[in-house]
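Novice: Below are the sequence and a predicted model; questions follow.
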Amino acid sequence: GGVAVVGTQTPSGSAYVTPAGDPSRWLWPTEGRLISRFQANDPARKGIDIGGKVGQPIVATANGQVVYSGNGLLGYGELIIIKHSDRMLSAYAHNSKRLVSEGQQVTAGDQIAEMGTNDRNQAELHFEIRANGSPQDPLKYLPQR
């Protein structure tokens with residue numbers, strides 16, 4: 001990742017994002033198999049679920065700023081939300097441990113959390129991408145693998 005020089009940031013964007021404001025490429029937030037896919041009309045499927053092992057690294061999928069790090073949202077457990085541009089956010093839920101705090105700048109690939117378990121006690125990451133507040137299919141953004 002490049003080094004962002006403090007002071008180069010403009011109101012329309014920053015050193016962290018493409019001219020259009022949105023990340024041009026995204027990383028997978030963790031290793032593991034896809035357990036559940038996005039479904040637009042199902043409130044329980046606003047993102048994807050990636051299975052793995054408790055404690056494995058969760059990383060920022062694109063450069064941005066941590067706008068939420070806490071456990072105040074029911075059903076998400078320990079949750080981190082990163083703002084990547086004026087309209088794009090990513091959310092990482094069911095962490096066992098949060099490693100970043102609100103206001104922190106992160107670079108794509110930085111570890112932000114450790115994987116935890118969902119309410120059925122399965123080790124997984126619930127991952128969402130939102131554009132203008134509405135959930136998108138993360139698989140449309142993440143690279144093929």
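Specialist: All right, it came through fine.
Novice: remind me which residues of the protein are low pLDDT?
Specialist: Within the chain, the segments meeting pLDDT under 70 span 1-21.
Novice: Let me see the ranges of the strands in it.
Specialist: In the chain, the strands defined using DSSP state E lie at 34-36, 48-51, 57-59, 64-70, 78-83, 88-98, 105-106, 111-117, 123-131, 134-136.
Novice: what does the last one rub up against?
Specialist: Put plainly, it is strand 134-136. Phe38, Ala40, Lys46, Gly47, Glu128, Ile129, Arg130 (CB atoms under 8 Å, 6 or more residues apart in numbering). Every residue, glycine included, has its C-beta placed from N, CA and C.
Novice: now the strands of the chain as TSV including mean neighbour count and distance to Trp26?
Specialist: Formatted as TSV, these follow (neighbours: other CB atoms under 10 Å; distance: least, CB to CB, whole Å):
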stretch	mean neighbour count	distance to Trp26
strand 34-36	15	15
strand 48-51	20	12
strand 57-59	20	11
strand 64-70	17	11
strand 78-83	22	11
strand 88-98	21	8
strand 105-106	20	13
strand 111-117	20	14
strand 123-131	21	8
strand 134-136	15	11
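Novice: Nearest to Pro23, out of the ones you listed?
Specialist: strand 88-98 (6.6 Å; CB to CB).
Novice: just checking, what packs against the closest one?
Specialist: Secondary-structure packing of strand 88-98 (3 or more CB pairs under 8 Å, 6 or more residues apart in numbering; DSSP states H and E): strand 64-70, strand 78-83, strand 111-117, strand 123-131.
Novice: Those strands into TSV, with extra columns for distance to Pro23?
Specialist: Formatted as TSV, these follow (distance: least, CB to CB, whole Å):
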stretch	distance to Pro23
strand 64-70	8
strand 78-83	10
strand 111-117	15
strand 123-131	10
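Novice: pretty sure Arg25 is touching Asn63, no?
Specialist: No: using CB atoms under 8 Å, Arg25 makes no contact with Asn63, being 10.4 Å away.
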